[in-house]
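*Asks:* have a look at this fold, sequence not included:
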């Protein structure tokens with residue numbers, strides 16, 4: 001374990017905590033009654049502040065703990081079998097078994113240890129990216145009239161979705177290249 005790895009963990013975790021807290025603070029300033037909140041937990045399920053914060057806080061703590069496990073207590077997620085294609089590799093690394101690529105859309109990893117490590121390595125960078133997007137969004141909402149006029153939740157969710165898919169792809173592409181190089 002290098003100091004760079006530890007530093008990256010602490011910086012990324014701190015950024016996630018700061019940016020998610022900043023998002024909650026700005027949401028409270030913008031819509032204290034949550035009437036303008038686009039989060040599906042509020043807009044579809046009708047949650048109020050207390051259950052919303054409990055759910056999001058619990059998920060946030062899980063992601064940081066899972067990220068901790070993936071960094072400080074890693075397990076081997078790579079297949080022993082050599083010569084897998086990129087999609088076969090991705091499916092195995094995620095699920096812990098060979099399956100069709102479509103299983104990535106509706107199945108979960110085969111063990112709690114695999115689940116926590118995979119979620120930690122995937123969701124922590126995605127939450128950091130979401131923090132960047134939401135921080136920029138709030139700064140623009142509060143400071144730029146032209147942005148307020150065009151701001152839409154659908155655009156923000158599209159940016160978040162595309163960004164997280166790209167993060168996962170790039171991360172798995174790098175891991176796949178390491179897997180191929182070991183062969």
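*Replies:* Received the coordinates, thanks. Not measured: the values here are computed from a predicted model.

*Asks:* buried stuff in the helix or strand where residue 62 lies?
*Replies:* Per DSSP states H and E, residue 62 falls inside helix 49-72. Buried residues in helix 49-72, defined by neighbour count with 16 or more other CB atoms under 10 Å: 52, 56, 60, 63-64, 66-67, 69-71. In short, each C-beta sits where N, CA and C put it, glycine included.

*Asks:* redo those residues as JSON lines? Include distance to residue 110.
*Replies:* Formatted as JSON lines, the buried residues of helix 49-72 follow (distance: CB to CB, whole Å):
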{"residue": "52", "distance to residue 110": "31"}
{"residue": "56", "distance to residue 110": "27"}
{"residue": "60", "distance to residue 110": "25"}
{"residue": "63", "distance to residue 110": "20"}
{"residue": "64", "distance to residue 110": "23"}
{"residue": "66", "distance to residue 110": "16"}
{"residue": "67", "distance to residue 110": "20"}
{"residue": "69", "distance to residue 110": "16"}
{"residue": "70", "distance to residue 110": "16"}
{"residue": "71", "distance to residue 110": "21"}
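
*Asks:* ok, which pair from the residues you listed is furthest apart?
*Replies:* Using CB to CB, the two most remote members of these are 52 and 71, lying 28.4 Å apart.

*Asks:* in this protein, where's the longest helix?
*Replies:* helix 112-143 (DSSP state H).

*Asks:* which strands and helices sit next to it?
*Replies:* helix 3-30, helix 49-72, helix 145-150, helix 153-182 (3 or more CB pairs under 8 Å, 6 or more residues apart in numbering; DSSP states H and E).

*Asks:* for residue 83, which of those helices is the nearest?
*Replies:* It's helix 153-182; of these, that one is closest to residue 83 (CB to CB) at 8.8 Å.

*Asks:* centre of the chain versus that closest one, how much separation?
*Replies:* Distance, stretch centre to chain centre, for helix 153-182: 10 Å (CA atoms, centre = their mean, to the nearest Å).

*Asks:* and it, what does it pack onto?
*Replies:* When contacts are defined as 3+ CB pairs under 8 Å, 6+ apart, helix 153-182 packs onto helix 86-95, helix 112-143.

*Asks:* distance of residue 26 from residue 143?
*Replies:* 12 Å (CB to CB, to the nearest Å).

*Asks:* ugh, wrong one, I meant residue 116
*Replies:* For residue 116, the distance to residue 143 equals 39 Å [CB to CB].

*Asks:* so for those two, which residue has more residues nearby?
*Replies:* A count of neighbours by other CB atoms under 10 Å puts residue 116 above the other of residue 116 and residue 143, at 21 against 9.
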